[in-house]
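[1] Provided below are the primary sequence and the corresponding predicted coordinates.
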Amino acid sequence: MNARELFRNAYENRYTWDRNFPGYTTEATFRHGDKMTKAKARVNPDLSVDVLEADDEDTEKAIASQLQEVAIHRIRRTFEETHAKNEFEIGETDDTGAVEIHVGGKSSGNRYKVRDNEVCHVHRHIHGIVVTIDTFSSHDTGEGYLSHRYSSIYRDPKTGEIKSPYSEFEDNYTKVGDYFILTSRTISTEGEPDTEFGFDRVELLQPAAVGA
């Protein structure tokens, strides 16, 4: 199997929401250290996010950013829509069996690792920053995988200076109707108290009636 096929298979194995996704509402909690605040939130069918009745502005921004980040990763795009123009090249295989794949040529600096039909490592240049993400475990939904435990770190692409410290994440999902929805996220960052998000009372929105 060549590099393109390996990457395509892992890409198509990600869990995404279909085009009938109706959106949902949830009651959210945000805990950082000793502080715990609440809000109501709505993820809309177009995957935009509204946060309502937040205790304060920091809570509103924090909850909105997490839900928006999750929604972006649930967008369903075909492999050709996203990667038709990219070139793929196989690199080394590490001692865990993960195969390195360079996207856009080695000179681009963008590389991934694929293991067991899942992307387990991402190293990408995005908007003048290099982000490195390693996935340690995943949820098998039966409809594609979702990352469960993973880490991230952001660096300056020229100097290697850390721009955002090393953080570890743990995500948990619950199936509501036909869709897997994030119900908790814990973020552990070096030198900081843990940040915890909880999303309870998840209810899918009713899709609009045809012709309405």
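    Yep, it's here. Residues are numbered from 1 along each chain as shown.

[2] who does the longest helix along the chain touch, helix- and strand-wise?
    Counting residues, the longest helix in the chain under DSSP state H turns out to be helix 57-74. Applying 3 or more Cβ pairs under 8 Å, 6 or more residues apart in numbering; DSSP states H and E, one finds that helix 57-74 contacts strand 24-32, strand 35-43, strand 49-52, strand 179-189, strand 195-204. From N, CA and C alone the C-beta is placed, and that goes for glycine too.

[3] who are the contact partners of the residue lying closest to residue 50 once chain neighbours are set aside?
    Using Cβ to Cβ, 6 or more residues apart in numbering and skipping the chain neighbours, the partner closest in space to residue 50 is residue 42 (4.6 Å). Residue 42 is in contact with 23, 24, 25, 26, 49, 50, 52, 205, counting by Cβ atoms under 8 Å, 6 or more residues apart in numbering.

[4] which of those sits closest to residue 108?
    residue 49 (31.1 Å; Cβ to Cβ).

[5] just list whatever residues bridge to that closest one.
    On the basis of DSSP bridges, residue 49 is bridged to residue 43.

[6] tell me how many other residues surround it.
    Counted with other Cβ atoms under 10 Å, residues neighbouring residue 49 total 18.

[7] what stretches of this protein score poorly on pLDDT?
    Within the chain, the segments meeting pLDDT under 70 span 105-107, 207-212.

[8] with distance to residue 90 added, can I get the helices and strands packed on helix 57-74 in a markdown table?
    Shown next, in a markdown table, are the helices and strands packed on helix 57-74 (distance: least, Cβ to Cβ, whole Å):
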| stretch | distance to residue 90 |
| --- | --- |
| strand 24-32 | 40 |
| strand 35-43 | 37 |
| strand 49-52 | 38 |
| strand 179-189 | 31 |
| strand 195-204 | 37 |
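
[9] tell me which of those lies nearest to residue 109.
    Closest to residue 109 of the helices and strands packed on helix 57-74 is strand 179-189 (Cβ to Cβ; 24.8 Å).
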